[in-house]
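Trainee: my questions are about this predicted structure, shown below with the sequence.
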Amino acid sequence: MTATQRSTKATRAEATRRSLIVSGRALFGEKGYAATSVDEVVRHAGVTKGALYHHFRDKDDLFRAVVEEVKLEVTTAAAESYFEAAESADPLQTARLTCLALIDAHLDPAVQRITILDARSVFDASARRELDARYEVALLRGAFRGAMRAGTVERQPIVPLARIVAGALTEACAVIAEADDKATARAEVGDVIARLLDGLRPRA
């Protein structure tokens, strides 16, 4: 096989994998993990079932790839808000805006279903923590590190802090996702998160 042929094969393989993720995301977001079958995914993607199992071990493995893609988008959106707010005179305010941006990035019902509601039923606690550590926790660590350096957050171990706050944000997103009045729920959890973060200021 020539280099050109290998390159073409790799490109096609990546296109197939991409199509499966896109289809999985659309179906998982609309119908939910449990109501979506492998047959539906491959039909939606226009590929064979063998192609799916070539790229993913099973439906759980495909779902993980979808969750990671959505988490990347969510944290990227929140990171943009972080950098926009970085000019703030108060780095704790920047951290607060980052947390609220993470919540707002989960307001899309499909995002809520994939990363909050279904992720809880598909992945065990350790797998969820591992995913959070790569995305939300990593972003929060940077925000809190900056606030500690500026003296607006009391110095303390950053990793536990970021993990605990990330867990609180996940619960906040779940509250909104499960609420009948989502606008009120968003306002309430936003206020709670703001109060929790204000408690991180150095004690007199």
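Mentor: Now that the structure is in, tell me what you want to look at.
Trainee: residue 30 touches residue 110, doesn't it?
Mentor: Yes: contact criterion C-beta atoms under 8 Å: residue 30 and residue 110 qualify, at 6.8 Å. Glycine gets a C-beta too; all of them are placed from N, C-alpha and C.
Trainee: so which bits of whichever strand or helix holds residue 13 are buried?
Mentor: Take DSSP states H and E as the rule and residue 13 turns out to sit in helix 3-31. Of all the residues in helix 3-31, those buried under the rule 16 or more other C-beta atoms under 10 Å are 16, 17, 19, 20, 21, 23, 24, 25, 26, 27, 28, 29.
Trainee: how about stretch 41-57?
Mentor: So stretch 41-57, judged by 16+ other C-beta under 10 Å, has buried residues 41, 42, 44, 45, 47, 51, 52, 55, 56.
Trainee: want to throw those into CSV with distance to residue 129 and secondary structure?
Mentor: What follows is the buried residues of stretch 41-57, written out as CSV (distance: C-beta to C-beta, whole Å; DSSP: H, G, I helix; E, B strand; the rest coil):
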residue, distance to residue 129, secondary structure
41, 27, helix
42, 31, helix
44, 31, helix
45, 30, helix
47, 32, coil
51, 31, helix
52, 27, helix
55, 25, helix
56, 22, coil
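Trainee: so where's the chain uncertain?
Mentor: For the chain, applying pLDDT under 70 flags the ranges 1, 3-10, 85-89.
Trainee: report the central residue of it.
Mentor: Residue closest to the mean C-alpha point of the chain, counted by C-alpha atoms, centre = their mean, is residue 71 at 2.6 Å.
Trainee: which one is that residue nearest to, not counting chain neighbours?
Mentor: For residue 71, ignoring the flanking residues on the chain, the nearest one in space by C-beta to C-beta, 6 or more residues apart in numbering is residue 135 at 4.2 Å.
Trainee: ok, that neighbour touching residue 73?
Mentor: No: assessed by C-beta under 8 Å, residue 135 is found out of contact with residue 73, at 9.7 Å.
Trainee: who's more crowded, those two?
Mentor: Per other C-beta atoms under 10 Å, whichever of residue 135 and residue 73 has more neighbours is residue 135, with 22 against 15.
Trainee: for the more buried one, what are its contacts?
Mentor: Counting by C-beta atoms under 8 Å, 6 or more residues apart in numbering, residue 135 touches 68, 71, 72, 74, 75.
Trainee: in ChimeraX, select just the buried ones from those.
Mentor: Remark: buried members of the contacts of residue 135, expressed as a ChimeraX selection using 16+ other C-beta under 10 Å:
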select :71,74,75
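Trainee: now the contacts of residue 135 in JSON lines, with secondary structure?
Mentor: Output for the contacts of residue 135, formatted as JSON lines (DSSP: H, G, I helix; E, B strand; the rest coil):
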{"residue": "68", "secondary structure": "helix"}
{"residue": "71", "secondary structure": "helix"}
{"residue": "72", "secondary structure": "helix"}
{"residue": "74", "secondary structure": "helix"}
{"residue": "75", "secondary structure": "helix"}
